[in-house]
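Trainee: Structural data only, the sequence is not supplied:
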Ligand SMILES: [Ca+2]
Ligand SMILES: [Ca+2]
Ligand SMILES: [Ca+2]
Ligand SMILES: [Ca+2]
């Protein structure tokens, strides 16, 4: 995607910037090294959105000023797509310049939804003479990038393009040098997603090595969620204790009801509860026939 560079060199603004920089005593620093990272990856089930936050930090010992920039990214369109960008800093939100004006123009974001390539670009309203500064110990948030989730089980593979990314463009020389760029390998799974509706979220199932597409991974008649949270049997083995019975027919608490009956009766399969006792000991109903005895009426 072609990048739109517009060189803006207003003498008036340049003079103000020079005076402002002199006033601050912090003209734009010499060439410095910067790091980039994605943090706080989050997937939202309700909105079907995945978002990540873009941050920057100075990599060497000196604080650095950020001039015009363009950050090129790449993402996996099979996982996420249709991105939108919301700038937090280093955009027209920043009002550190004289008279409360922003040194930056509005941050522009564009992406090719077929290839998954995009760039975040902000030009300067006038050359940056020292604001804002990026220090070496704290990451500064640039903005938040959000996508529609296409397939939550495929890696986002959100990358920085180190060859095309540039910080300090046009009149903001010298260009800073890219240091460490932390890419984001992430499954955009939201916390509550339970694809097979077995009571375990997909995230839980990945951690347990059960199948998030199959409610009863081991086929023993007890769902993965029930084995994990109620019977505490192995969801990956049909006969957890090796006694020859499938887990659904075992009677873990030896109260006379096997596990599957306890689940069906909504009783506790690992504790002998009064409810379970009642089911176990309840007398069966017996139908008996009662002979009809004719009423003896007094005779007169
Ligand atoms: Ca599940
Ligand atoms: Ca499952
Ligand atoms: Ca099972
Ligand atoms: Ca099992």
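Mentor: Perfect, I can see it now. Bear in mind the structure is a predicted one, so any value in this text is a computation, not a measurement. Ligands and ions are numbered 1, 2, ... in the order given.

Trainee: Isn't residue 131 up against residue 102?
Mentor: No - the pair residue 131 / residue 102 is not scored as a contact, 10.0 Å apart, by C-beta atoms under 8 Å. C-betas here are computed from N, CA, C, even on glycine.

Trainee: Which neighbours do these two have in common?
Mentor: In terms of C-beta atoms under 8 Å, 6 or more residues apart in numbering, residue 131 and residue 102 are both contacted by the residues 94, 96.

Trainee: Name all residues that make contact with residue 82.
Mentor: 113, 147-148.

Trainee: Okay, strands next: where are they in the protein?
Mentor: For the chain, strands defined by DSSP state E occupy the ranges 33-44, 49-58, 64-65, 69-74, 80-87, 108-112, 117-122, 133-134, 140-149, 159-160, 166-167, 177-182.

Trainee: Among the contacts of residue 82, which one lies nearest to ligand 1?
Mentor: Set against ligand 1, the nearest of those by C-beta to the ion is residue 148 (22.7 Å).

Trainee: just checking, the closest one touches residue 81?
Mentor: Yes - counting by C-beta under 8 Å, residue 148 does reach residue 81; the two are 5.8 Å apart.

Trainee: Comparing those two, which residue is more hemmed in?
Mentor: Applying other C-beta atoms under 10 Å to residue 148 and residue 81 shows that residue 81 carries more neighbours, namely 18 against 15.

Trainee: is ligand 4 contacted by stretch 239-259?
Mentor: Yes - part of stretch 239-259 sits near ligand 4 under the criterion C-beta under 5 Å from the ion, namely residue 247.

Trainee: neighbours of the residue nearest to residue 70 when sequence neighbours are not counted, just the number please.
Mentor: Excluding the flanking residues, the one nearest residue 70 by C-beta to C-beta, 6 or more residues apart in numbering is residue 121, at 4.1 Å. Neighbour count for residue 121, taken as other C-beta under 10 Å: 20.

Trainee: same question, residue 110
Mentor: Neighbours of residue 110 (other C-beta under 10 Å): 15.
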